[in-house]
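Asker: Predicted structure and sequence below. I'll ask about it afterward.
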There are 2 protein chains.
Amino acid sequence: MDGLEQMFQPPYYAVIFSSVRTPGDNRYSEMASRMVELASEQPGFLGVDSAREDIGITVSYWRDLDSIKRWKSHLEHQEAQRLGTERWYSSYTIRIAKVEREYRFGD
Amino acid sequence: MDGLEQMFQPPYYAVIFSSVRTPGDNRYSEMASRMVELASEQPGFLGVDSAREDIGITVSYWRDLDSIKRWKSHLEHQEAQRLGTERWYSSYTIRIAKVEREYRFGD
């Protein structure tokens, strides 16, 4: 079982990506793994947590808004965003939020 | 398939609750449904999205920090929090974040 992302030092930013998928994989899994790999190489990336059931929720954590902006405009990510609206998602919501506090229980 | 929570008017707050469950249900599902029902009756509650795979992510949305504070100290919720650390979760992280912007694609 995967653990949770570690704690970071607030303030920092969270990108809350909630989505509903279209039927079938259509190379979605491959893209999703690649985007996590690529995001984690970007300056300002802190971590990411993800789960999918009826809907998917991916929360990525970033040092600041500039890091998020750069990631949004990354060429390979832009191609994934284009395919996302064309092929993989029937709907999604993206929320940009400033993490002010955090608490942890357990290991 | 469930849809996504609607959009709200920033600024508002998100409580990002990421967790790893202990094995077995131990009446967890019953409590989880009850907490969603109860939360949705609280002043300042806007909505909630949830998914569980290896980890669980529940993001609840609130009008302001006071609404979150009141919900945290709600008696029945406090009992659930106590059982959570005793019984249901091996670890969790709670992040309080101010939603500054949001975007939507699809229906």
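Answerer: It's in.

Asker: Where does the prediction get shaky in chain A?
Answerer: Low-confidence segments of chain A (pLDDT under 70): A:1-2.

Asker: need the strands for it, in chain order.
Answerer: With DSSP state E, the ranges of strands along chain A come out as A:12-21, A:45-52, A:56-62, A:89-106.

Asker: who wins for proximity to B:L65 among those strands?
Answerer: strand A:89-106 (8.4 Å; CB to CB). Quick note: C-beta positions are derived from backbone N, CA and C, even for glycine.

Asker: What is the closest one packed up against?
Answerer: Judged by 3 or more CB pairs under 8 Å, 6 or more residues apart in numbering or on different chains; DSSP states H and E, strand A:89-106 is in contact with strand A:12-21, strand B:12-21, strand B:89-106.

Asker: Check which strands are paired with that strand and give the direction for each one.
Answerer: As defined by DSSP bridges, the strand partners of strand A:89-106 come to strand A:12-21 (antiparallel), strand B:89-106 (antiparallel).

Asker: Tabulate these (CSV), appending mean neighbour count and distance to A:F45.
Answerer: As requested, the strands paired with strand A:89-106 are exported to CSV (neighbours: other CB atoms under 10 Å in any protein chain shown; distance: least, CB to CB, whole Å):
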stretch, mean neighbour count, distance to A:F45
strand A:12-21, 21, 11
strand B:89-106, 18, 16
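
Asker: ok, the lengthiest helix in chain A near chain B or not?
Answerer: Looking across chain A with DSSP state H, the single longest helix is helix A:28-39. No - judged by CB under 8 Å from any CB of the partner chain, helix A:28-39 makes no contact with chain B; its nearest approach is 12.3 Å.

Asker: Please state the offset of that helix from the chain centre?
Answerer: Between the centre of helix A:28-39 and the centre of its chain there are 10 Å (CA atoms, centre = their mean, to the nearest Å).

Asker: Same check on stretch A:3-14?
Answerer: Using CA atoms, centre = their mean, the offset of stretch A:3-14 from its chain centre is 13 Å.

Asker: Compute the first-to-last residue distance for it.
Answerer: Taking CA to CA, to the nearest Å, stretch A:3-14 runs 18 Å from one end to the other.

Asker: Report the buried residues of stretch A:73-80.
Answerer: Using 16 or more other CB atoms under 10 Å in any protein chain shown as the burial criterion, the residues of stretch A:73-80 that qualify are A:H74, A:H77, A:A80.

Asker: Perfect, that will be all.
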